[in-house]
Every structure is written in structure tokens, then in C-alpha cells.
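attaching a predicted model along with its sequence, questions to come.
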Amino acid sequence: MVPSVSLYSWGPSWGYVDGDERPDLFVHHHYGHRAHALEDLLLLNRASGFEPAPRPELRLRWPDTRDQHAAVFAPWSTSDPRALDCWVSVGGLQGDASQRDRIEHQLLANEGGRLVNRATETEVQAALRAGPLLRGRVAHPLDVDRDGRLDLLLLGEGAPPRLLLREGAFFRDRSSRWGLDPIQPGRQEGWRAAVADIDGDGREDLALAVGGRSRLAVYRNDGRRFVPLPSLDSERPIAGIGSVLALAAGADRRADLVLVPARAGREDALRLVRSVDGGRLEVDLIPVPVLRGRGVHANAGDLDNDGDDDLLVVTRRDVLVLENRGADGFVDVTASSGLGSLANQDQPGLLGCVSLADYDLDGRLDLAVIRGWRGPGEVSNEPGPLLLLRNVSAAGSWLRLRLVGAVNPSGIGALVTVVAGGDRRYVSVTAGVVGTCQNDPVLHLGLGDAAAAEISVAWPSGLSTVHGRLAANRLHVLSEDGAPSTER
Ligand SMILES: [Ca+2]
Ligand SMILES: [Ca+2]
Ligand SMILES: [Ca+2]
Ligand SMILES: [Ca+2]
């Protein structure tokens, strides 16, 4: 069903390219410009299975473009949330200014199902070449100024984040105006980050590792600037932040953060960071089994559709599955999950990211994992296989929700209120970017044994829509223009 490939990638990205409801999969190849003879792979998800997209649609410009780090689907140019554009983050060597003009950023506009690089025409290329040399790692699509046009927050290492605002047909670097220039991540930092509404005011904030990955810095978006929040309580220092994950769903409007320790063995706990009143941050520990490798990534999704998001924690050598049992905390179910076999030391490559999508549309979230990866500080650069893991667990009922905004086509920045089985929860609509990979941007909600859920949406434009009681176990399309929701 999946072509047998060998890749060396920072993560698989789920998105929509060819206009249907099946999530497609893009896996960039890190060193495509070198003599590996390995290329990026766009797999179109068809009723008959995955098919590699025909060339030359995705033929990026080798050999000049340098390393690729993450691909992100979002509607920067397109108005169709089922035919998204794709950003590919490209980086050069740290501090090597001579590379500045050789880095070819990739903003692949979806033009009738063909992805065409428009980084020059939209002036993304010029804006980034004029700024500090960004060792580009990952992009977060967000409408930071709430004008309905999707902007681009770029995170790299060794340079401040760059915020490119969409202004008419072009992108302009507004990083300084938005207060981002003082943020000075070091090596292996800056991209270990999450973008989420941490204080619950309806605007996306920024959390990233700084200080040799010893500290989490949080910047609140006040609508005009990113303003630093006081640092975390130093009584529980973090000896190395391997990954920062934002949990998009919860009982309040504030996104919680999960910090994954970068070092195996001694630091056997995840940190759960919550914003409390007054913008203060509090930390709890989530005990997990001692990590058998360096923590590099975490992701979350409701794997058993019971209404609680479960955690996946990736080390170089295994993927831990932590089932969320609500008040009873997280329980390690790796051994019975089927993912224990990924820990096989004999397989080629190291694990990087795991990303989630219900690719076979059966109502259960499936996983894409790449075994070939080389992060900073790693010696091995072995390519490895792309693994698709189909979820066959017994699971509760579910909803898929596709938002269609009036101006912002995927409704990125909206907040969905879900009432099911007597519980109310809030789910933020994001592009699905987690670490250096991307989950299916269509919302997947577990409903337990509920047959329906009451759904309403607060859109980033300020409008609200009420969609009533929606039947479980299907996709609903929710429109900002007030049209009745449609089922598919
Ligand atoms: Ca905007
Ligand atoms: Ca906020
Ligand atoms: Ca669950
Ligand atoms: Ca599935």
C-alpha cells in the first residue's frame, strides 16, 4: 500500500493537495541536494492506496537549495482547504553568511493540484535574505494580526524567529515590530517550540527552548507584539528540553504544554506546563518510564476516541504510547500498543517525528513515522523506511470537523467548543504543526460512547457560529458564512 522508500527526514507532514477528503503525505528528504539520490516524496492518498505524485510537480531546485527541515501545508495562497500550499523550510550552515544567497526558500503554491515555488514572486525569498541568516527548521502558519490573511512564523536555530506578514500579494518581515528580535536562541534551540494560545485570550502565543535548552521562554501575543512572560519556576530546572508540545484540547481555553526531556535515564519525567491567572506558568510532572534514548519529539491525539488526548513520546530508538486516563493520569501502554517493535535496534535509521492522521477514514487516528533522521549532534545519517501504522484498536465514536473560513480558508486560529456526554471541551484549530512534522489539519475528536456532540465555533474574525447537535462517526464541514454544516 505504501511505496517502499528510504529517507532521511525531519518528519512526515499530512495535508491536502488534490482536492479530496483523504489526507496526503509529504516527506521531505533532508539532504536532497547531496549525492544520496534520494528525493522528496509526495504520496497522494487515493481510494486505491497511496501513489507517489507525478514529477515534476514537486521537483525542488537541487543542488543549490541546501538542507530541508520541515514541510508544512497551509492555505497561504489557495482558497481551497482541500488543495493546500506547502512551505518547505530550508537551512544553511550555522553562521555561514556566504550561504545566504544560496538558500532557496520554498513556498509551493497549489495551482490546480500542481505545487509551484512562489517564494520569489511573493517576496518571501527577498525578505528572508535581507534579515538575519535563519537556519530554517519549521514554519507555523497563523494569522497573527487577525486580518484574515495567513502569515508565516519561521523558527530556526541561532537566529531570532522571523515573522512574515502577508500584505497584499507579498510577505513582509515584521519581526522587529512584533518584538521578536530580542529572542536569541542558541544552537539546537529556537525550533524546539510550540505556537498555541497559552493564556486563553484567543491569540496564538509562542513557547520555545532557550538558554542551552535549560529554560522555556514564553511570549504572549498581545495583538501587536510578542511580550515575554516571567520565566518558569526555577525550583524544577530542566536539564535539556528535547521537544515542546502544545495540547490543543482541554477543559479550558488555555493550551497546556508538554516538555520532553532531551536526556535519557536521569530525567524520567515529562513536564506539564500550564498558564494560570495573571499569566503565571505552573509546572507539574508526568512520570513516564525511563526514556531509553534521548527525547526528541512528542505528539498528542485521541488514539482510542475516549475524549482524552493520548501522548506519543519519541526517542531515537522507540515511541512510547501514554494513554490518557483522565484523573488517573497517563499510563504507559507501549507494550500492548504494537509500537514496541519500533524499538528494534537492528533497524536502520533513528526515529525523529511521528505524525497523526486518520488516513483510511475509518475514524481512528493512524501514524506516520520515519526511521531515518539526523538531528543536531547526531553522528549517524542513515536513511530509513517510512512506516505507516494503521490504528486497529477498539475505539469509541468520533467526529471529523473541517472548518471553512470566509477569508482564512482553514479557520486557523478558531476555537471549537464541543459538548458531548455531559463534558465541555475547547479545541483550537491550528495547521497541525508539531515539532518538525504536521498532523492532519482536519480536527479529529473522540466522543467515547456519545452518539452526537453540540458544536459551536468562535472564528478569528470575531464571528461565532452555532452548528447544533452533530451526529458522530462522520466528517462535518463547518462554514463561517453561516451555511448549515454538511456531512460527508
Ligand atoms: Ca495576517
Ligand atoms: Ca494568547
Ligand atoms: Ca484517549
Ligand atoms: Ca484510521
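Now that the structure is in, tell me what you want to look at. Ligands and ions are numbered 1, 2, ... in the order given.

what's opposite P287 in the beta bridge?
As for beta bridges, P287 partners with A269 under DSSP bridges.

report pLDDT for it.
Residue-level confidence at P287 comes out at 74, pLDDT.

do A343 as well
The model reports A343 with a pLDDT of 72.

correct me, but it touches R317?
Yes - using Cβ atoms under 8 Å, A343 is in contact with R317, at 5.6 Å. (Glycine included, C-beta is placed from N, CA and C.)

intersection of neighbour lists for the two?
Contact with both A343 and R317 is made by residues R292, according to Cβ atoms under 8 Å, 6 or more residues apart in numbering.

where does the prediction get shaky in the stretch 201-350 of the chain?
For the stretch 201-350 of the chain, the stretches with pLDDT under 70 are 231-239, 264-268, 278-279, 289-290, 344-346.

tell me where it has strands.
Under the criterion DSSP state E, counting those that start in this stretch, the stretch 201-350 of the chain contains strands at 205-210, 215-221, 226-228, 241-247, 249-250, 256-261, 269-275, 281-287, 295-301, 310-315, 319-324, 330-332.

tell me which of those strands sits nearest to G158.
The closest of the strands of the stretch 201-350 of the chain to G158 is strand 205-210. By Cβ to Cβ, the value is 11.6 Å.

any part of the closest one near ligand 2?
Yes - using Cβ under 5 Å from the ion, strand 205-210 reaches ligand 2 at D205.

how far away from the center of its chain is that strand?
Centroid separation for strand 205-210 versus its chain: 14 Å, with Cα atoms, centre = their mean, to the nearest Å.

what angle separates that strand from strand 269-275?
Per axes from the mean of the first three to the mean of the last three Cα atoms, to 10 degrees, the angle that strand 205-210 makes with strand 269-275 is 140 degrees.

which strands and helices sit next to strand 205-210?
strand 193-196, strand 215-221, strand 241-247 (3 or more Cβ pairs under 8 Å, 6 or more residues apart in numbering; DSSP states H and E).

so Q188 makes contact with G156?
No - with contact defined as Cβ under 8 Å, Q188 does not count as touching G156 (11.0 Å).

which residues are in contact with each of those two?
Shared contacts of Q188 and G156 (Cβ under 8 Å, 6+ apart): none.

which one's more surrounded, the two?
Taking other Cβ atoms under 10 Å, Q188 and G156 do not tie; G156 has more neighbours (26 against 21).

now the host helix or strand of the more buried one: mean pLDDT?
Assessed by DSSP states H and E, G156 sits inside strand 151-157. Strand 151-157 carries an average pLDDT of 92.

from now on call the first residue 57
Got it, first residue is 57 now, which makes that one strand 207-213.

what about the closest residue to N495 other than its chain neighbours, neighbour count?
Leaving out its chain neighbours, the residue that sits closest to N495 by Cβ to Cβ, 6 or more residues apart in numbering is G488, at 3.9 Å. By the criterion of other Cβ under 10 Å, G488 has 27 neighbours.

and F227, how far is that from ligand 2?
23 Å (Cβ to the ion, to the nearest Å).

beta-bridge partners for G192, please?
Those that pair with G192 in a beta bridge, by DSSP bridges, are G212.

contacting residues around it?
Taking Cβ under 8 Å, 6+ apart, we find G192 in contact with H125, S145, V146, G147, I159, H161, L210, L211, G212.

would you agree G147 is in contact with G212?
Yes - the pair G147 / G212 is scored as a contact, 6.3 Å apart, by Cβ under 8 Å.

spell out the residue ranges of the helices in the stretch 357-506 of the chain.
With helices called from DSSP state H, counting those that start in this stretch, the stretch 357-506 of the chain shows them at 390-393.

mind putting the helices and strands packed on strand 261-266 into JSON lines with mean neighbour count?
Listed next are the helices and strands packed on strand 261-266 as JSON lines, based on neighbours: other Cβ atoms under 10 Å:
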{"stretch": "strand 249-252", "mean neighbour count": "26"}
{"stretch": "strand 271-277", "mean neighbour count": "22"}
{"stretch": "strand 297-303", "mean neighbour count": "25"}
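
per-residue confidence at R170?
Reported pLDDT for R170: 87.

from R480, how far out is it?
43 Å (Cβ to Cβ, to the nearest Å).

more neighbours, these two?
R170 (14 against 11).

which residues does that one bridge with?
With DSSP bridges applied, R170 shows beta-bridge pairing to E167.

please save the CA atoms from the longest helix along the chain in CSV.
The residue-count maximum for a helix in the chain (DSSP state H) belongs to helix 180-186. The C-alpha trace of helix 180-186 is given here as CSV (Å, rounded to 0.1, in the frame of the first residue of the first chain):
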residue,chain,number,x,y,z
VAL,A,180,9.4,35.7,0.8
GLN,A,181,12.9,35.0,-0.6
ALA,A,182,13.9,38.6,-0.6
ALA,A,183,12.5,39.2,2.9
LEU,A,184,14.4,36.3,4.4
ARG,A,185,17.7,37.1,2.6
ALA,A,186,17.5,40.6,3.9
